[in-house]
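K.L.:
the following block contains a protein sequence and its predicted model.
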Amino acid sequence: QVQLVESGGGLVQAGGSLRLSCAASGRTFSPYIMGWFRQAPGKEREIVARITRSSSTYYTDSVKGRFTISRDNAKNTVDLQMNSLKPEDTAVYYCAADRSAFVSNNWSQWNYWGQGTQVTVSS
């Protein structure tokens with residue numbers, strides 16, 4: 001059974017930083033891709049960043065230059081360093097993973113999810 005467990009959310013002032021961490025567990029689970037999504041109230045879940053096993057990364061435009069995704073394949077962990085946070089970054093952040101190399105940025109294609117962690121950025 002695969003489990004993704006996130007940590008690191010919280011409340012921060014605009015301009016501050018937070019680091020989210022996610023650990024994936026499950027015998028023989030070796031996801032090709034891991035990533036972070038977020039969902040703000042009344043909005044659809046959107047991708048924030050993704051990283052492949054070979055460390056190829058993708059960022060949504062609104063976080064480029066502010067967020068950094070990283071991954072430890074040996075530990076099956078993925079982190080999201082968030083700097084220069086803005087109030088519009090406020091959302092529930094979800095860790096996600098998949099074995100396939102062909103998932104798109106659409107959340108519905110990803111098979112494994114964490115429970116979500118709240119990030120609130122005050123102005």
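P.N.:
That came in fine, so what should we check first? Numbering: from 1, shown residues only.
K.L.:
got the contact list for the most centrally placed residue in the chain?
P.N.:
Nearest to the centroid of the C-alpha atoms of the chain, with distances taken as Cα atoms, centre = their mean, sits residue 36, at 1.8 Å. Taking Cβ atoms under 8 Å, 6 or more residues apart in numbering as the criterion, residue 36 is in contact with 20, 22, 47-50, 69, 78, 80, 93-96. (Glycine included, C-beta is placed from N, CA and C.)
K.L.:
try 6 Å
P.N.:
Residues touching residue 36, when contacts are defined by Cβ atoms under 6 Å, 6 or more residues apart in numbering, comprise 48, 49, 80, 93.
K.L.:
where does the nearest residue to residue 83 once chain neighbours are set aside land on pLDDT?
P.N.:
Distances taken as Cβ to Cβ, 6 or more residues apart in numbering put residue 17 closest to residue 83, at 4.7 Å, once the chain neighbours are dropped. Residue 17 carries a pLDDT score of 98 in this model.
K.L.:
shaky segments in this structure?
P.N.:
For the chain, applying pLDDT under 70 flags no range at all.
K.L.:
which residues in it form strands?
P.N.:
Shown for the chain, the strands assigned by DSSP state E span residues 3-7, 10-13, 18-25, 33-39, 46-52, 57-59, 67-72, 77-82, 91-98, 112-113, 117-122.
K.L.:
thanks a lot, catch you later.
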